[in-house]
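Colleague: here's my sequence, what's the structure:
(chains A, B, C and D)
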There are 2 protein chains.
Amino acid sequence: MPRAKNKRPTIVDVANQAGVSYQTVSRVLNDHPRVAPGTRERVLLAIQHLDYRRNKGAQMLKTQRSSAIQLLSVDAEYPFEVPLLNTVHWGDYSAIYTDCTQKDLPRAIDKAALHMVEGIFLYAPRLHVGDDELLAMCDGIPIVRRDFVLDSKRITWVGYDQIHATRIAVQHLIDLGHRAIAVVTGTLRTINASWRYEIWKKTLIENGLEPGPSAHGDYTTTKTAIETGYEGMCKILKSGAQFTAVLVANDHMAIGVMHALRSHNLRIPDDVSVVSYDNSPHSAFLDPPLTTVAFDFDLQSRLAFQFLFELINEPDTPPHQHVLLPHLILRKSTRAL
Amino acid sequence: MPRAKNKRPTIVDVANQAGVSYQTVSRVLNDHPRVAPGTRERVLLAIQHLDYRRNKGAQMLKTQRSSAIQLLSVDAEYPFEVPLLNTVHWGDYSAIYTDCTQKDLPRAIDKAALHMVEGIFLYAPRLHVGDDELLAMCDGIPIVRRDFVLDSKRITWVGYDQIHATRIAVQHLIDLGHRAIAVVTGTLRTINASWRYEIWKKTLIENGLEPGPSAHGDYTTTKTAIETGYEGMCKILKSGAQFTAVLVANDHMAIGVMHALRSHNLRIPDDVSVVSYDNSPHSAFLDPPLTTVAFDFDLQSRLAFQFLFELINEPDTPPHQHVLLPHLILRKSTRAL
DNA sequence: AAAATCAGTGTGATCGTTCACGCAAATCAT
DNA sequence: ATGATTTGCGTGAACGATCACACTGATTTT
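Modeller: Numbering: from 1, shown residues only, chains lettered A, B, ... in the order given. The predicted structure is shown next:
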């Protein structure tokens, strides 16, 4: 009995082919234990023979689950490292990717809900939003943030301790004898950046030093991080403020900062010491190689994914905050005074 | 008549609320023209009031369409620029993202088919696969490649002319008087890289020159592009082969290459001229700023997306190949002999 | 040996939407 | 004024899977 032409086979077709009922096929598909080995074998053979493929729509309709998770990146110039997706154990899950601006976040989450995603992986370093508001948007969908969100207690997140990061960077410069330490960051609206800025100030004051000159630029829109770093450094140089060291928000901006210093005939580290953040692949290969605060972004993302999957399987898991500690990598861009 | 607790409203609920039949609600949802304006208004109000949301599963089941497209990145260290997704006009589409190795490609496409994606956006610069084989895997799902695949006539793709790219780079060096031109690339298994290598050789020979020393490394697995560039350059330097210029496969590798040259006390461009590819953001800010072959990756991706959407709406569109022409950006890393 | 359990399988109903069709009222043409 | 078309809306039947339940025969318990 041939089935209609040009149509994908259904479990009923498979059932007929294997000489069992459609329910038995369903059981095989869902790894139900109570299926006789021989029957299972026959069903699997029929599936292969007919090139049967489950109908996701029907499955979603009945189960109200999609086995998809939402990857959401908000206002980020460098979204989380996409290649890392390869290293995540996805099981049956698929990833729906969206990046959006803060303004569009509710819409983006709504669309995710439409797709019945089972969890949301959020990377939103610039996002200022209360836990309650965010949880309300998610409407019950499990969410994990891959951010350092110190004041967030009701949402699970995995983040690098930005306070510690800045402390070790600034302390390193102080230990080297630097007294006038400048800072170049992206927008302070970034949670991480504002933390870094505050702690930079605080650490200096704790050590009896004045905060040095600072520049902040926004590279979300048209300018790249590198240009922003370049312009920020130029601004400080033009202001005539004195400094012997500069803290830069990330290794990308540092490329611009170093370029600005060079164009003003300042040598690194002879005239100015540079410390930055991220330990990006290029940081070791610049001239000079950068002293930088190292984060393991892969680890961070993997942990966040792991927590998300846990939360999906066990929705009552209480939120927990996982703080990772960065460390300083000493290279050639700093020197003792 | 209150509906069951804790359940999302359905079109029937909306219909009751609005005092119409469920079919009318469906018509409103699908922008059917034959709905009285007043009725449409009432339905929309009811939708808003009940916070109704379409059930994707039911919709997929009935229509056999998912309004999702698959983003597929094969064996790429730098997957297509994800932030660009923001600039694509998605309409109702969503993006399912996967990256995989060449080996896993059939599985990845199968999973895409499972999700009933309506199109596949493929970025697979290293992929050696015949059109027929690829089309067979896709099993009727429209596909567009964001690659330069010269021998592919049955698949729509958008790519930068790699032949032209290498010609202008090599010709530039020849015009400057260089006679011994080295090359450092990633794996030659990359379609683009192998093209570049072949054309480099060909262009030199056409100009009566011997191909200079070359090095190729693979940075898919553990090493980064930068390290590969560093090691490749070191290998050539250690071999003692003479050269006055080097062509590098991309601006990332160029960071490593320049680092290698510096560590051997060679000055750029005084001792060695460097030309590379991509015009990445950092290329203008290195020391010296890089002369590089510029590609507009955003444009390339946007065009590919556009073609994909066209192909989805008009499946009989014959495949067409869109070749973009790169141009050389002259900066400070090359000099006349 | 009768009762209880369990392994293995099948039947009916259901998830929420859309398609094909039907039908009344309003509008148009002749 | 009669028939033909159009407008607006409703009814029934799918789409393909899963869940709840029922049933048979074999195995175990009492």
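Colleague: after the least confident helix or strand in chain A by mean pLDDT comes which helix or strand?
Modeller: Between all helices and strands in chain A, the lowest mean by mean pLDDT, DSSP states H and E belongs to helix A:191-206, at a mean of 85. Per DSSP states H and E, the first helix or strand lying C-terminal to helix A:191-206 is strand A:214-216.
Colleague: show me the strands in the stretch 1-150 of chain A, by range?
Modeller: A:68-74, A:94-100, A:119-123, A:143-145 (DSSP state E, counting those that start in this stretch).
Colleague: in TSV: those, plus mean neighbour count.
Modeller: From N, CA and C alone the C-beta is placed, and that goes for glycine too. Listed next are these as TSV, based on neighbours: other CB atoms under 10 Å in any protein chain shown:
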stretch	mean neighbour count
strand A:68-74	25
strand A:94-100	21
strand A:119-123	24
strand A:143-145	26
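Colleague: which of those strands sits closest to DNA strand C?
Modeller: strand A:68-74 (17.5 Å; CB to the nearest atom of the strand).
Colleague: parallel or antiparallel, list what pairs with the closest one.
Modeller: strand A:94-100 (parallel), strand A:119-123 (parallel) (DSSP bridges).
Colleague: surely A:Ala112 and A:Cys100 touch.
Modeller: No. If you go by CB atoms under 8 Å, A:Ala112 and A:Cys100 don't touch, sitting 10.5 Å apart.
Colleague: returning to what we had before: any idea which of the strands paired with strand A:68-74 scores lowest on pLDDT?
Modeller: Note on those: strand A:94-100 shows the lowest mean pLDDT, a mean of 91.
Colleague: quick revisit: buried ones in the least confident helix or strand of chain A, by neighbour count?
Modeller: For helix A:191-206, burial by neighbour count (16 or more other CB atoms under 10 Å in any protein chain shown) applies to A:Ile191, A:Asn192, A:Ala193, A:Ser194, A:Trp195, A:Arg196, A:Tyr197, A:Ile199, A:Trp200, A:Lys201, A:Thr203, A:Leu204.
Colleague: list the contacts of the third one.
Modeller: Put plainly, it is A:Ala193. Contacts for A:Ala193 (CB atoms under 8 Å, 6 or more residues apart in numbering or on different chains) come out as A:Thr185, A:Gly186, A:Thr187, A:His216, A:Ala249.
Colleague: dump those residues to CSV, plus secondary structure, pLDDT and neighbour count.
Modeller: Listed next are the contacts of A:Ala193 as CSV, based on DSSP: H, G, I helix; E, B strand; the rest coil; pLDDT from 0 to 100; neighbours: other CB atoms under 10 Å in any protein chain shown:
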residue, secondary structure, pLDDT, neighbour count
A:Thr185, strand, 90, 25
A:Gly186, coil, 84, 27
A:Thr187, coil, 80, 16
A:His216, strand, 90, 19
A:Ala249, coil, 91, 29
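Colleague: and which of those residues is nearest to B:Gln48?
Modeller: For these, the minimum distance to B:Gln48 (CB to CB) is 35.3 Å, reached by A:Thr187.
Colleague: not counting sequence-adjacent ones, nearest residue to that closest one?
Modeller: Of all residues not flanking A:Thr187 in the chain, A:Asp218 sits nearest, at 4.1 Å (CB to CB, 6 or more residues apart in numbering or on different chains).
Colleague: where in the stretch 101-250 of chain A is pLDDT low?
Modeller: A:190, A:220-221 (pLDDT under 70).
Colleague: mind telling me which residue of it is nearest chain B?
Modeller: Residue nearest to chain B within the stretch 101-250 of chain A (CB to the nearest CB): A:Thr224, separated by 4.3 Å.
Colleague: could you find the closest non-adjacent residue to that residue?
Modeller: In space, A:Thr224 is closest to B:Pro281, 4.3 Å off (CB to CB, 6+ apart).
Colleague: next up, the contacts around the residue in the stretch 201-337 of chain A positioned nearest to DNA strand C.
Modeller: Here the stretch 201-337 of chain A gets closest to DNA strand C at one residue, A:Pro315, 19.5 Å apart by CB to the nearest atom of the strand. Applying CB under 8 Å, 6+ apart to A:Pro315 gives the contacts A:Pro142.
Colleague: cool, and A:Phe285?
Modeller: B:Ile226, B:Tyr230, B:Ile255, B:Gly256, B:Met258, B:His259.
Colleague: hmm, 7 Å instead?
Modeller: By CB atoms under 7 Å, 6 or more residues apart in numbering or on different chains, the contact set of A:Phe285 is B:Ile226, B:Tyr230, B:Ile255, B:Gly256, B:His259.
Colleague: write a ChimeraX command that selects only the buried members of those residues.
Modeller: Restricted to buried positions by 16+ other CB under 10 Å, the ChimeraX selection for these reads:
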select /B:226,230,255,256,259
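Colleague: among the contacts of A:Phe285, name the ones in helices.
Modeller: Among those, the residues falling in helices (DSSP state H) are B:Ile226, B:Tyr230, B:Ile255, B:Gly256, B:His259.
Colleague: would you format the residues you listed as TSV with distance to DNA strand D included?
Modeller: Listed next are the ones in helices among the contacts of A:Phe285 as TSV, based on distance: CB to the nearest atom of the strand, whole Å:
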residue	distance to DNA strand D
B:Ile226	46
B:Tyr230	51
B:Ile255	50
B:Gly256	50
B:His259	54
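Colleague: tell me which of those is nearest to B:Ile143?
Modeller: B:Ile226 (32.1 Å).
Colleague: who are the contact partners of that closest one?
Modeller: A:Pro281, A:His282, A:Phe285, B:His252, B:Met253, B:Ile255, B:Gly256 are the contacts of B:Ile226 under CB under 7 Å, 6+ apart.
Colleague: what of A:Val25?
Modeller: Contacts of A:Val25 (CB under 7 Å, 6+ apart): A:Ile11, A:Val14, A:Ala15, A:Ala18, A:Val43.
Colleague: tell me the spacing between it and DNA strand C.
Modeller: Distance, A:Val25 to DNA strand C, using CB to the nearest atom of the strand, to the nearest Å: 8 Å.
Colleague: once you drop chain neighbours, what's closest to that residue?
Modeller: Nearest non-adjacent residue to A:Val25 (CB to CB, 6+ apart): A:Ile11, at 4.4 Å.
Colleague: tell me how far the one you found lies from B:Asp139.
Modeller: Remark: distance between A:Ile11 and B:Asp139 (CB to CB, to the nearest Å) = 20 Å.
Colleague: out of those two, which sits in the busier spot?
Modeller: A:Ile11 (22 against 12; other CB atoms under 10 Å in any protein chain shown).
Colleague: what's near enough to touch that one?
Modeller: A:Tyr22, A:Val25, A:Ser26.
Colleague: show me which residues of chain A sit near DNA strand D.
Modeller: A:7-8, A:10-12, A:22-23, A:26, A:29-30, A:52-55, A:58-59, A:61-63 (CB under 7 Å from any atom of the strand).
Colleague: 6 Å instead?
Modeller: Residues of chain A lying close to DNA strand D (CB under 6 Å from any atom of the strand) are A:7-8, A:10-11, A:22-23, A:26, A:29-30, A:54-55, A:58-59, A:61-63.
Colleague: just the buried members of those residues?
Modeller: A:Thr10, A:Ile11, A:Leu29, A:Asn55, A:Ala58, A:Gln59, A:Leu61.
Colleague: quick one, what contacts the fourth one?
Modeller: When you say that, I think you mean A:Asn55. Here A:Asn55 is in contact with B:Leu61 (criterion: CB under 7 Å, 6+ apart).
Colleague: give me the spatial nearest neighbour of A:Pro213, chain neighbours excluded.
Modeller: That would be A:Ala241: by CB to CB, 6+ apart, it lies 3.7 Å from A:Pro213.
Colleague: count the residues that sit near that neighbour.
Modeller: Neighbours of A:Ala241 under the rule other CB under 10 Å: 14.
Colleague: A:Ser214 is in contact with that one, correct?
Modeller: No. The criterion here is CB atoms under 7 Å, and A:Ala241 misses it with A:Ser214 at 9.2 Å.
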